[in-house]
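In: Return a 3D structure for these sequence lines:
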Amino acid sequence: MRKALPALALLAGSIVALMLAVLVVGASRELAGLFLALGVLGSVVAEVLVWRAPTIAAGLRRLQADDTFRAGLRDVLLVAVAASAHDTGTDILRVTGVTVLFIWACRLVTILGQRRSQQLRAVPVSWRNFEVPGVRRSEPLGTGALSDAVNWPSSGSLVLAIALSAHLLGATATVVVIAAAVSAATALATALVAVIDFLRARRDTPLETVVDLLGAALADFAPRVGLYYSRPEAIGYIANVWVQTLEQLPQRAVVICREAYNAELVETDRLPVIEVRRAGDLERVVPPSLGLALYPSNVAKNNHLLRLPGIFDVFIGHGDSDKGGSATVLTRIFDEAWVSGPAARDRYRIADVGVRDEQIREVGRPQLAEIERHATPLSESHAGTDGVSSWDYTVLYAPTREGFFAAWEYSSILTQGEGILTGLLGMPGVRVLFKPHPGTGTDDPAYGLEVLRLTAMVEAAGVPHEVVTGAEGLYHAFNRADLLVSDVSSVITDFLASGKPYVVTNSGALDDDTFRAQFPSAQGAYVLSGSGSDVTEHVTDAIEHDSHAAARRRTTEYLLGDSQSDPVTRFVEAVDTVLAKQQQITADHHA
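Out: A predicted model of the protein is given here:
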């Protein structure tokens with residue numbers, strides 16, 4: 001609310017100034033001109049503030065005081081000032097009134113043309129890294145100019161208002177006439193651009209035809225595997241976890257997104273990324289060649305593809321962890337659930353959520369191929385330098401985000417984050433990398449605010465410590481680190497592939513043995529309880545003794561399965577097996 005006060009105060013003040021100009025123009029033209037100038041200046045500044053703050057604009061719309069209402073009120077007051085001026089000679093009222101009416105007529109044409117053009121271009125599908133023959137799409141003309149013309153006060157009466165103010169302060173009436181011509185010409189030019197743009201948009205391929213042409217192009221492309229991605233929020237990492245693996249498949253693959261904001265976040269220049277917003281269009285777009293659909297997220301929109309026959313549906317998730325959401329009843333609706341290793345299979349069995357054992361297929365974690373394997377113990381030299389500073393060891397602190405439910409709360413950010421970073425930053429020879437979960441604060445702003453505070457701590461500590469941004473992948477951070485501190489999450493499962501020591505936070509009241517029993521991924525870890533300040537003891541032990549080395553190897557086998565075979569090869573073999581199975585089922589159905 002405080003941020004909105006300057007804009008609202010300026011809006012109100014500018015309207016009051018224009019009203020005062022109307023009231024005093026009969027008594028003092030100079031004073032009226034001054035009030036009019038102040039009203040115009042205040043309007044310009046206020047509208048800029050509103051334009052830069054969408055929340056303020058939305059609030060004004062809810063109060064029925066949108067940009068059209070505000071512009072109309074200002075123009076009525078402008079005409080009222082002209083009517084009260086009692087000019088002799090040039091009829092200022094007639095010039096002002098006719099110009100304002102003409103501007104508003106052009107404004108109406110501009111708005112109608114722009115909105116109709118937007119409707120004609122609002123295709124419910126889109127694509128990239130893919131060609132769809134026969135589709136004609138035009139880019140909007142003067143996108144920014146048209147948008148500003150629609151939202152700016154009166155789309156041109158600003159020049160007229162300034163001229164009328166100058167006239168009241170002593171300038172000749174000719175200034176008003178010239179300004180009226182400029183305002184009218186500007187409004188007319190904007191309207192003509194909108195009309196031309198509408199005519200161009202009308203020549204584009206009709207929306208429904210575009211959907212059909214996309215379906216035909218995908219049918220010709222004949223992908224066998226599809227990654228189906230939908231999320232209520234804009235977040236790309238869930239899909240991107242699997243993109244590189246799909247790029248290595250021998251079969252043609254495609255990414256199907258349900259939201260434009262998520263389609264933009266899929267990081268690939270090799271796989272076709274198809275956006276299909278309407279559920280009914282999936283039947284028209286998804287090609288008959290698609291035999292396997294992979295689902296990295298459990299969302300309601302999964303049902304829109306699940307209902308289509310002839311596709312083998314597999315839940316792959318976006319990480320393997322001991323979190324409560326890793327084994328839910330929602331998995332029952334899929335033909336199979338692909339998991340990393342025996343731990344995930346046991347997770348479903350223990351949860352007893354109705355997922356049959358034969359639905360589960362262990363495929364490892366193909367993404368882990370890019371994680372470098374631990375070569376030497378920490379007792380040997382791991383020193384590094386960046387030319388500015390040097391260090392002996394690197395510790396990565398990568399906490400998870402807040403939980404969706406209280407029972408799924410594993411994040412250490414609020415409970416231990418400060419203690420962990422304070423301890424690590426105070427260790428001589430230790431470089432700290434801080435990489436919080438990219439979704440932190442989405443459901444609870446307190447976590448997002450704490451991440452900002454922890455980030456400031458690391459930045460204040462200076463080099464060689466570093467806040468790892470989204471531009472650097474998690475696995476690259478793994479490769480730079482000698483030891484990990486993290487929460488119960490897929491982060492520790494993936495880090496196991498490196499063979500390096502790790503610390504798992506225990507923010508609750510469980511003792512270490514109970515914690516390890518409840519969360520198998522912690523069986524090979526140092527368990528950090530309390531405020532997190534004891535992290536230094538665990539790091540020191542890992543460097544000098546590595547007390548959990550044997551347990552860590554057992555935990556790795558349990559969570560990630562067969563560590564001898566290539567993880568990408570295992571995944572490719574699983575895809576081949578399921579596609580053959582799907583093809584046989586389809587053949588039997590048509591027999």
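
In: Okay, and Gly42 sits in which element?
Out: Here Gly42 sits within helix 29-52, counting by DSSP states H and E.

In: same for the following helix or strand past that helix, what does it pack against?
Out: Past helix 29-52, further along toward the C-terminus, the next helix or strand under DSSP H and E is helix 54-62. For helix 54-62, the elements it packs on are helix 29-52, judged by 3 or more C-beta pairs under 8 Å, 6 or more residues apart in numbering; DSSP states H and E. Using the backbone N, CA and C atoms, a C-beta is placed for each residue, glycine as well.

In: Just name the shakiest helix or strand of the chain by mean pLDDT.
Out: Across the helices and strands of the chain, mean pLDDT, DSSP states H and E gives its lowest value to helix 143-151, namely a mean of 49.

In: helix/strand/coil for Leu5?
Out: Here Leu5 is recorded as helix under DSSP: H, G, I helix; E, B strand; the rest coil.

In: measure it to Gly13 for me?
Out: The spacing between Leu5 and Gly13, counted by C-beta to C-beta, to the nearest Å, is 12 Å.

In: Check Arg137 too.
Out: 45 Å.

In: does Thr505 really touch Ala525, like I thought?
Out: No - here Thr505 does not reach Ala525: they are 9.6 Å apart, not a contact under C-beta atoms under 8 Å.

In: can you tell me the average pLDDT over stretch 51-67?
Out: The average pLDDT for stretch 51-67 rounds to 86.

In: how much space between Leu8 and Leu63?
Out: Distance, Leu8 to Leu63, using C-beta to C-beta: 10 Å.

In: Show me which of Thr505 and Ala525 is the more surrounded one.
Out: Thr505 (32 against 29; other C-beta atoms under 10 Å).

In: quick one: contacts for that one?
Out: Residues near Thr505 by C-beta atoms under 8 Å, 6 or more residues apart in numbering: 399, 410, 412, 416, 420, 485-488, 528, 532.

In: measure it to Gln518 for me?
Out: 14 Å.

In: about what we covered before: C-terminal to the least confident helix or strand of the chain, what's the next element?
Out: Next element after helix 143-151 (DSSP H and E): helix 157-168.

In: so Thr68 sits in a strand?
Out: No - checked against three-state DSSP, Thr68 lies outside a strand; its state is helix.

In: Give the rounded mean pLDDT of stretch 544-554.
Out: Rounded mean pLDDT across stretch 544-554 is 93.

In: Flag every buried residue along it.
Out: By 16 or more other C-beta atoms under 10 Å, the buried positions in stretch 544-554 come out as 546, 548, 552.

In: Quick check: of these, which lies closest to Ala163?
Out: Lowest distance from Ala163 to the buried residues of stretch 544-554 (C-beta to C-beta) belongs to Arg552, with 78.9 Å.

In: So what touches the helix or strand harbouring the closest one?
Out: Per DSSP H and E: Arg552 is located in helix 549-560. Contacts with helix 549-560, where a contact means C-beta under 8 Å, 6+ apart, come from 320, 340-344, 364-365, 368, 493, 496-497, 499, 501-502, 520-521, 523-525, 563.

In: The helix or strand that that helix is followed by - contacts with which helices or strands?
Out: Next along the chain after helix 549-560, taking DSSP H and E as the criterion, comes helix 567-590. Judged by 3+ C-beta pairs under 8 Å, 6+ apart, the packing partners of helix 567-590 are strand 292-295, strand 312-315.

In: quick one: the residue lying closest to Ala222 once chain neighbours are set aside and Pro223, what's the gap?
Out: Spatial nearest neighbour of Ala222, chain neighbours left out: Ser289 (4.0 Å); criterion: C-beta to C-beta, 6 or more residues apart in numbering. For Ser289, the distance to Pro223 (C-beta to C-beta) stands at 6 Å.

In: Map the structural domains onto the sequence of this structure.
Out: 2-128+138-202, 209-364, 384-560 (automatic domain parsing).

In: Turn the ones you listed into TSV, including distance to Arg373.
Out: As requested, the domains of the chain are exported to TSV (distance: least, C-beta to C-beta, whole Å):
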stretch	distance to Arg373
domain 2-128+138-202	35
domain 209-364	15
domain 384-560	6
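
In: between the ones you listed, which one is nearest to Ala574?
Out: domain 209-364 (4.5 Å).

In: Tell me how far the closest one lies from the chain's centre.
Out: Put simply, domain 209-364 sits 19 Å off its chain's centre (C-alpha atoms, centre = their mean, to the nearest Å).

In: first to last residue in that domain, what's the distance?
Out: 42 Å (C-alpha to C-alpha, to the nearest Å).

In: likewise stretch 436-443?
Out: Stretch 436-443: ends 15 Å apart by C-alpha to C-alpha.

In: Can you get me the start-to-end distance on stretch 430-444?
Out: 31 Å.

In: hang on, the earlier thing: okay, the helix holding Arg552 in CSV with CA atoms only?
Out: Once non-C-alpha atoms are left out, helix 549-560 reads as follows in CSV (Å, rounded to 0.1, in the frame of the first residue of the first chain):
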residue,chain,number,x,y,z
ALA,A,549,32.7,-44.0,3.7
ALA,A,550,31.6,-47.6,3.8
ALA,A,551,28.0,-46.7,4.7
ARG,A,552,28.0,-44.2,1.9
ARG,A,553,28.9,-46.9,-0.7
ARG,A,554,26.1,-49.1,0.6
THR,A,555,23.6,-46.2,0.5
THR,A,556,24.7,-45.4,-3.1
GLU,A,557,23.9,-48.9,-4.3
TYR,A,558,20.6,-48.9,-2.4
LEU,A,559,19.4,-45.5,-3.8
LEU,A,560,20.9,-45.6,-7.3
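
In: quick one, that helix and helix 567-590 angle?
Out: Taking axes from the mean of the first three to the mean of the last three C-alpha atoms, to 10 degrees, one finds that helix 549-560 is oriented at 20 degrees with respect to helix 567-590.

In: Using the three-state scheme, assign Tyr228.
Out: In three-state terms, and counting by three-state DSSP, Tyr228 is strand.

In: how much space between it and Trp51?
Out: 38 Å.

In: quick one: which of those two has more around it?
Out: The neighbour count for Tyr228 versus Trp51, taken as other C-beta under 10 Å, is higher for Tyr228 (27 against 16).

In: Show the contacting residues for that one.
Out: Remark: with contacts taken as C-beta under 8 Å, 6+ apart, Tyr228 is in contact with 256, 293-295, 302, 305.

In: quick one: which of those is nearest Val100?
Out: Nearest member of those to Val100, counting by C-beta to C-beta, is Ile256, at 51.0 Å.

In: which of the contacts of Thr505 tops the neighbour count?
Out: Val485 (30 neighbours).

In: Who has more neighbours out of Leu8 and Leu63?
Out: Using other C-beta under 10 Å, the more surrounded residue of Leu8 and Leu63 is Leu8, with 17 against 8.

In: How about the more buried one: what's its closest non-neighbour residue?
Out: Counting by C-beta to C-beta, 6+ apart, Leu8 lies nearest to Ile56, which is 7.4 Å off, once chain neighbours are set aside.

In: Is it correct that that neighbour is in contact with Ala4?
Out: Yes - counting by C-beta under 8 Å, Ile56 touches Ala4, with 4.8 Å between them.

In: more crowded one of the two?
Out: Legend: neighbour count by other C-beta under 10 Å for Ile56 and Ala4, higher for Ile56 (20 against 15).

In: distance of the more buried one from Leu63?
Out: Here the criterion is C-beta to C-beta. By it, Ile56 lies 11 Å from Leu63.

In: Then Leu77?
Out: In terms of C-beta to C-beta, Leu77 sits 19 Å off from Leu63.

In: Not including adjacent chain positions, what is the nearest residue to the one residue sitting closest to the centre of the chain?
Out: What sits nearest the mean C-alpha location of the chain, by C-alpha atoms, centre = their mean, is Ala234, with 3.1 Å. Excluding the flanking residues, the one nearest Ala234 by C-beta to C-beta, 6+ apart is Tyr261, at 4.1 Å.

In: Likewise for Leu169?
Out: That would be Gly33: by C-beta to C-beta, 6+ apart, it lies 3.9 Å from Leu169.
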